[in-house]
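Student: Take this sequence and fold it.
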Amino acid sequence: MLPADLLAMGNLIKVLGKDLENCPHFFLDFENAQPTEAETAVWNQVNAVLEEAQTILAELQSYTGAGQEIREAIQNPSDLQLQEKAWNAVCPLVAKLKRFYEFSLRLENALRSLLEALTSPPYAPTQHLEREQALAKQFAEILHFTLSFDELKMTNPAIQNDFSYYRRTISRNRINNLQLDAESEVNNEMANRMSLFYAEATPMLKTLSNATTKFVSEVSDVFKEQKQRMVLALSFERKNVGVTVQLCLNDASFQNKTLPIEDTTDCLSTMACVCRVMLETPEYRSRFTNTETLLFCMRVMVGVIILYDHVHPVGAFAKTSKIDMKGCIKVLKDQPSNSTEGLLNALRYTTRHLNDDTTSKQIRALLQ
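Tutor: Here you go, the predicted model:
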């Protein structure tokens with residue numbers, strides 16, 4: 001049982017009477033978690049990014065596009081006044097789309113900092129979530145923002161239309177040897193990167209998935225390299241009496257963070273389990289003082305499932321997965337459909353392994 005002082009913090013509380021071996025059960029206080037001194041450095045770094053997240057969402061929600069101006073310009077190609085009107089309407093919108101894209105890069109860096117903090121030795125991921133509740137909350141906030149952003153993007157075709165018109169106009173003027181002022185704001189290289197970003201149905205989720213996969217790949221390579229060095233050191237010791245492995249162990253580079261893939265996926269699966277338990281347990285749902293926390297919790301659960309599915313070799317839907325997918329889907333379906341259909345669609349269309357042979361018919365049926 002947790003010490004009384006930690007229980008009093010009210011942030012992460014173990015749920016008694018559950019099978020903790022198969023799936024750790026916690027109550028995570030998404031509403032009140034505050035950083036400890038040990039968390040402050042990473043928390044401040046991530047908080048600077050999250051402070052901008054709400055502004056980004058508000059701007060995206062109010063994004064109306066330049067559809068009318070573009071249509072008039074296309075229908076009247078010889079009317080220079082309408083061409084200029086459409087161009088002047090599109091340019092500030094493209095500058096806004098550039099800010100959204102650049103924010104995704106900052107979000108990627110913030111995610112990496114959190115993954116490093118929540119999976120680094122000597123603590124296991126579950127211990128990190130217990131000890132560093134404020135960082136766990138920030139991780140959840142990034143996932144909540146990501147799914148919110150992508151839902152808004154998917155329902156706003158003006159984004160793609162505006163950017164396509166911008167690129168066509170730039171190309172046409174290059175052919176005519178004309179240089180437009182806006183090109184200094186969004187040059188061709190930036191436009192190419194933005195085009196790839198907005199071509200994704202869920203661009204922010206794709207960014208986080210790629211960042212998590214890259215993080216796992218990089219730390220796994222370090223882990224393998226240092227393991228090989230250990231093997232070589234052991235072999236050297238056998239051949240040279242008096243030379244010890246301690247030299248290798250004391251090497252600063254060997255003491256760097258060595259995180260196998262399981263540490264990252266265990267962090268994700270634990271977070272999914274935490275959210276599922278809070279959603280399906282009335283006692284813990286009643287602790288939410290804000291009704292929006294329920295939707296927040298659902299978004300976080302779906303977000304970590306998708307990340308897990310992209311990072312883990314066999315994904316979230318296999319029998320060997322540490323995520324109870326049937327339970328998670330059932331929790332979503334027990335909520336009003338207007339608040340969960342988008343989340344169910346995210347599981348249907350943005351996961352990687354749903355249609356694998358290892359996915360049971362029951363899970364597929366639940367998502368039909």
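Student: Next one, pLDDT for A95 please.
Tutor: On pLDDT, A95 comes in at 93.
Student: now swap in Q255 and tell me
Tutor: So Q255 comes in at 40 (pLDDT).
Student: can you check I70 too?
Tutor: In this prediction, I70 has a pLDDT value of 95.
Student: Double-check that it belongs to a helix.
Tutor: Yes: assigned with DSSP: H, G, I helix; E, B strand; the rest coil, I70 falls within a helix.
Student: In contact with it, which residues are there?
Tutor: Contact analysis of I70 by CB atoms under 8 Å, 6 or more residues apart in numbering lists A86, A89, V90, N161, D162, Y165. (Each C-beta comes from the backbone N, C-alpha and C, glycine too.)
Student: Make CSV from the residues you listed and add secondary structure and distance to L268 to it.
Tutor: Below are these laid out as CSV (DSSP: H, G, I helix; E, B strand; the rest coil; distance: CB to CB, whole Å):
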residue, secondary structure, distance to L268
A86, helix, 45
A89, helix, 42
V90, helix, 39
N161, helix, 35
D162, helix, 35
Y165, helix, 39
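Student: Turn those residues into a markdown table, columns for distance to S171, neighbour count and pLDDT.
Tutor: Shown next, in a markdown table, are the contacts of I70 (distance: CB to CB, whole Å; neighbours: other CB atoms under 10 Å; pLDDT from 0 to 100):
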| residue | distance to S171 | neighbour count | pLDDT |
| --- | --- | --- | --- |
| A86 | 15 | 25 | 93 |
| A89 | 19 | 18 | 94 |
| V90 | 14 | 23 | 94 |
| N161 | 16 | 16 | 95 |
| D162 | 15 | 27 | 95 |
| Y165 | 11 | 24 | 94 |
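Student: Which member of these is positioned nearest K326?
Tutor: For the contacts of I70, the minimum distance to K326 (CB to CB) is 40.0 Å, reached by N161.
Student: Please tell me I have it right and the closest one contacts Q68.
Tutor: No: counting by CB atoms under 8 Å, N161 does not reach Q68; the two are 11.2 Å apart.
Student: now the helix or strand containing T265: how far from the chain's centre is it?
Tutor: In the assignment (DSSP states H and E), T265 maps to helix 261-280. Chain-centre distance of helix 261-280: 14 Å, with CA atoms, centre = their mean, to the nearest Å.
Student: what stretches of the stretch 251-368 of the chain score poorly on pLDDT?
Tutor: Residue ranges of the stretch 251-368 of the chain with pLDDT under 70: 251-261.
Student: just the helices in the stretch 101-250 of the chain please.
Tutor: For the stretch 101-250 of the chain, helices defined by DSSP state H, counting those that start in this stretch occupy the ranges 125-131, 133-154, 158-175, 188-199, 203-239, 246-250.
Student: tell me which residues in the fourth one are buried?
Tutor: Translated: helix 188-199. Residues of helix 188-199 classed as buried: A191, M194, F197, Y198 (neighbour count, 16 or more other CB atoms under 10 Å).
Student: again, but for the first one
Tutor: By neighbour count, with 16+ other CB under 10 Å as the criterion, the buried positions of helix 125-131 are P125, T126, H128, L129, E130, R131.
Student: tell me the phi and psi of T36?
Tutor: phi -80, psi 170 (degrees, to the nearest 10).
Student: Spit out the contact partners of it.
Tutor: Taking CB under 8 Å, 6+ apart as the criterion, T36 is in contact with R131, E132, A134.
Student: can you rerun that using 10 Å?
Tutor: T36 sits next to M9, W43, R131, E132, Q133, A134, L135 when contact means CB atoms under 10 Å, 6 or more residues apart in numbering.
Student: What remains of those residues if I keep only buried residues?
Tutor: The buried subset of the contacts of T36 (16+ other CB under 10 Å) comprises W43, R131, E132, Q133, A134, L135.
Student: Of those residues, which is the nearest to M298?
Tutor: For the buried ones among the contacts of T36, the minimum distance to M298 (CB to CB) is 19.5 Å, reached by Q133.
Student: For Q34, see how far away that closest one is.
Tutor: 8 Å (CB to CB, to the nearest Å).
Student: ok, now S78?
Tutor: Taking CB to CB, one finds S78 at 63 Å from Q34.
Student: residues touching S360, list them.
Tutor: Taking CB under 10 Å, 6+ apart as the test, what S360 contacts is F317, A318, K319, M325, K326, L366.
Student: can I get the residues you listed in TSV with distance to T55 and secondary structure?
Tutor: Converted to TSV, the contacts of S360 look like this (distance: CB to CB, whole Å; DSSP: H, G, I helix; E, B strand; the rest coil):
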residue	distance to T55	secondary structure
F317	36	coil
A318	39	coil
K319	43	coil
M325	35	helix
K326	38	helix
L366	37	helix
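Student: Now list the buried members of those.
Tutor: Applying 16+ other CB under 10 Å to those flags F317, A318, M325, L366 as buried.
Student: List the contacts of the residue lying closest to the last one once chain neighbours are set aside.
Tutor: Spelled out, it's L366. Excluding its sequence neighbours, the residue lying closest to L366 (CB to CB, 6 or more residues apart in numbering) is I329, at 4.6 Å. Applying CB under 10 Å, 6+ apart to I329 gives the contacts R276, V302, I305, T340, L343, L344, L347, Q362, I363, A365, L366, L367.
Student: How about the host helix or strand of the fifth one, which residues are buried there?
Tutor: With the criterion set as DSSP H and E, the secondary-structure element containing L343 is helix 337-349. Buried residues in helix 337-349, counting neighbours by 16+ other CB under 10 Å, are found at T340, G342, L343, L344, A346, L347.
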